[in-house]
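# Make a model of this:
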Amino acid sequence: QVQLVESGGGLVQAGGSLRLSCAASGRTFSGYAIGWFRQAPGKEREFVAAIWWSSGRTYYADAAKGRFTISRDNAKSTAYLQMNSLKPGDTAVYYCAASRLWVARTTTSYEYWGQGTQVTVSS
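The predicted structure follows:
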């Protein structure tokens, strides 16, 4: 059974940083991309960043470029999203997900999802 479990969310002041983790289990993710999405209240879930598990190739949404960094640790089967210079507009529930497509930027392209972790950025 595939599981993706996010952690690392919390409350941070504007300008601060957080590192989200996505612990993966139940299968090997070679041949998969891990993506991060976020969903703010009243808004659609939007793509943030993705990483191809085997090569480490990355892709970012414009809103994430220069501030967020996606990475993965093969030994720990964990993907990360380092978020710096956070803004109130980054407040959302952040989800990680797995897809066999590259680069998948739509929610329908992802097969497996975590339960999400809340990130709140105060001004």
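# Quick one: residues contacting the closest residue to Ser25 other than its chain neighbours.
Of all residues beyond its chain neighbours, the one nearest Ser25 is Gln3 (4.9 Å), with distances taken as CB to CB, 6 or more residues apart in numbering. Using the backbone N, CA and C atoms, a C-beta is placed for each residue, glycine as well. Counting by CB atoms under 8 Å, 6 or more residues apart in numbering, Gln3 touches Ala23, Ala24, Ser25, Gly26, Gly114.
# Using PyMOL, make a named selection holding only the buried ones among the residues you listed.
In PyMOL, this line selects whichever of these come out buried by 16 or more other CB atoms under 10 Å:
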select buried, resi 24+114
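# Relative to Arg72, which of the contacts of Gln3 is nearest.
Taking CB to CB as the measure, Ala24 is the one of the contacts of Gln3 closest to Arg72, at 8.8 Å.
# Tell me the first helix or strand C-terminal of the helix or strand in which that closest one is found.
Element membership for Ala24 (DSSP states H and E) is strand 18-25. Tracing the chain C-terminally past strand 18-25 and defining elements by DSSP H and E, one meets strand 33-39 next.
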